[in-house]
Every structure is written in C-alpha cells, then in structure tokens.
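Peer 1: need the 3D shape of this:
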Amino acid sequence: MSSAATPVVLALGANLGDRIAMMHRAVARLADAGVEHMVCSPMYETEPVGYTEQPAFVNMAVAGQTSLTPHQLASACRSIEQALGRTPRAKWHEREIDIDIVLYGHHVVHDDALDIPHPRMQDRRFVLQPCADIVPDMMHPLLQRRVNELLTACSDTAGVRRIEGIGGS
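Peer 2: Numbering: from 1, shown residues only. Got it, this is the predicted structure:
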C-alpha cells in the first residue's frame, strides 16, 4: 500500500440467489481490486426500500484503504458486480450484488459519474447500521456528523436485523 492510501467505506447488498455467499465473493474481489486492510461489518437482513415487492436483502459494510482514485474504485466496483452476474434492472429493484462507495476519506465527489459521499446514506438504516459497526466515528464530510450520530438521527423505519453468527472481521 502506498502512502497515498485513503480510507474508504463500501456498502454491499444482495437479494437474489445465495445472498451470503455473494457477500463473501464480493469481499474477496474487492481485496483483489485494491481495497486493503478490510474490516467487514456483520451481515444484516433488511427490508427492501423504494420498490418493496421483492425479496429481503442481505447488507453489510466494508471499511478499508485504497490507493485507487474515487473513479477507479467506482469502476472496480462495477466490474466486480458484472463479474458476479449483476443484471441491469430498474432502480431499487432486485440485485444479485450491489457495491456502493459510501465514504472516500473526507473527499467529496459530485459529477455525472459519481456521488461521494453516497447521497442517501444518512437516510438508510441498512447502510448506517453496518457502517456504525465498523467506523462509528468516521465523519460525513458534508454533514459534519459521525456515522453513529447519523444512525441515531435516522428516521428510516425499514427492518434491519443482524444475521447472527455470520460476518464481521
């Protein structure tokens, strides 16, 4: 790892097929793609948000460090999703795997291709709970609040249930 490594937090989710196995495969691919020193949250079974007529998701967060730029990391995440069989569908519909950059250090990126920090993270308990498990004190660079503070203030009432005995490292 170079001295230019940046702390990153990624949110992973899947609600088709063997969801738990997919989480493990995605984490392994992230390591191969240049995310180092990873710490994984526990996994959570979560109610779908947006389009609710679909199976429950398994969600988790991964914190690590990378020397990839934000756009390189986003490209790596899309490549991993494709390699693991993600099929394009309508927004908020079923996913074989979804990997989103939630935080990239204290950086803010907003362009046609990428939004960091994730623009809705503060509104989604299924993102905040796993993130709070592994990086509770990491600051949101725009809201200037820690992840655990965002979780406490989150008004999302969708179900988020920890899957016991799986995940976390």
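Peer 1: so which helix or strand takes in the residue nearest to residue 113 when sequence neighbours are not counted?
Peer 2: The shortest distance from residue 113 to any non-neighbouring residue, by C-beta to C-beta, 6 or more residues apart in numbering, is to residue 71 (6.6 Å). C-betas here are computed from N, CA, C, even on glycine. Per DSSP states H and E: residue 71 is located in helix 70-83.
Peer 1: which strands and helices sit next to that helix?
Peer 2: On a contact count with 3 or more C-beta pairs under 8 Å, 6 or more residues apart in numbering; DSSP states H and E, helix 70-83 meets helix 19-33, strand 98-104.
Peer 1: looking at the ones you listed, which is nearest to residue 61?
Peer 2: Nearest to residue 61, of all those, is strand 98-104, at 7.0 Å by C-beta to C-beta.
Peer 1: for whichever helix or strand comes after the closest one, give the mean pLDDT please.
Peer 2: Where DSSP H and E defines the elements, the next helix or strand beyond strand 98-104 is strand 109-110. Averaging pLDDT along strand 109-110 gives 96.
Peer 1: same question, stretch 148-160
Peer 2: Computed over stretch 148-160, the mean pLDDT rounds to 96.
Peer 1: for that stretch, give me every contacting residue.
Peer 2: 44-49, 59, 121-126, 128-129, 131-132, 136-137, 140, 143, 145 (C-beta atoms under 8 Å, 6 or more residues apart in numbering).
Peer 1: each with direction, which strands does whatever helix or strand residue 62 lives in pair with?
Peer 2: When elements are assigned from DSSP H and E, residue 62 belongs to strand 57-66. Sheet partners assigned to strand 57-66 using DSSP bridges are listed as strand 6-14 (antiparallel), strand 35-40 (antiparallel), strand 42-46 (antiparallel).
Peer 1: now do it and helix 70-83, the angle between them.
Peer 2: Here strand 57-66 runs at an angle of 140 degrees relative to helix 70-83 (axes from the mean of the first three to the mean of the last three C-alpha atoms, to 10 degrees).
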